[in-house]
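> no sequence on this one, just coordinates:
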């Protein structure tokens, strides 16, 4: 058994986070998280902003994990949003205020490993800012996520650090006879 598999099994302890498709009712989670974080009710302007932002993504999943804020049972701890073009998946996570660092680690590993084993994904590309780059380097301990490099000033907030992992989707090779 390789070390990343052993590390994953130790991290999960036989209880894996759940990843499910988001539905329209899950917008209430976003607004509840806003209320918890700010102490005020989200206004109509914020509701429209969230709806518009989420409509830009091709895949939206709700990640659920064991959380003590919800009595120790499974609870939604974040949203995994991704752009997808039939080959490349570029995910981004929005964590709810009650998500613990352990929830974030477990759910990130579960999500990335699920994409690694997916026959619908050719490659997963992860972009991170300087503060988060160390976190994604640490994930190499659990999933095959490799650093590509950094793009200086690749993000409005600074440098963009890029990581990737291959999925199981096969390359479609076209022979010379079939090229146009």
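On my side now, so go ahead. This structure is a prediction, so every number in the text was calculated from the model and none was measured. Numbers count the residues shown, from 1 in each chain.
> give me phi/psi at residue 87?
phi -140, psi -50 (degrees, to the nearest 10).
> again with the one 5 residues further on
When read as degrees, to the nearest 10, the backbone of residue 92 gives phi -150, psi 140.
> So it versus residue 83, what's the distance?
The gap separating residue 92 from residue 83 is 8 Å, by C-beta to C-beta, to the nearest Å. Glycine gets a C-beta too; all of them are placed from N, C-alpha and C.
> swap in residue 140?
Residue 140 is 23 Å from residue 83, by C-beta to C-beta.
> now residue 20
In this view, residue 20 and residue 83 are 19 Å apart by C-beta to C-beta.
> Between the two, tell me which one has more neighbours.
residue 83 (14 against 11; other C-beta atoms under 10 Å).
> which stretch of helix or strand covers the more buried one?
Taking DSSP states H and E as the definition, residue 83 sits inside strand 74-84.
> Buried ones in that strand, by neighbour count?
75, 76, 77, 78, 79, 80, 81, 82 (16 or more other C-beta atoms under 10 Å).
> possible to save those as CSV with pLDDT and distance to residue 133?
Shown next, in CSV, are those (pLDDT from 0 to 100; distance: C-beta to C-beta, whole Å):
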residue, pLDDT, distance to residue 133
75, 92, 28
76, 95, 27
77, 96, 22
78, 95, 19
79, 94, 22
80, 96, 19
81, 95, 20
82, 97, 19
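> Go through those and say which is closest to residue 170.
residue 82 (20.3 Å; C-beta to C-beta).
> Spell out the secondary structure type for residue 94.
strand (DSSP: H, G, I helix; E, B strand; the rest coil).
> Name the nearest residue to residue 64, sequence neighbours excluded.
Distance criterion C-beta to C-beta, 6 or more residues apart in numbering; nearest residue to residue 64, sequence neighbours excluded, is residue 18 at 4.3 Å.
> now the helices for the chain?
3-12, 27-38, 44-55, 101-116, 130-138 (DSSP state H).
> Now do stretch 153-168, average pLDDT.
Mean pLDDT, computed over stretch 153-168, is 93.
> Which positions within that stretch qualify as buried?
Quick answer for stretch 153-168 (16+ other C-beta under 10 Å): 160, 161, 162, 163, 165, 167.
> what residues are up against the fourth one?
Contacts here follow C-beta atoms under 8 Å, 6 or more residues apart in numbering; on that basis residue 163 touches 125, 126, 128, 136, 145, 146, 147, 148.
> Alright, that wraps it up for me.
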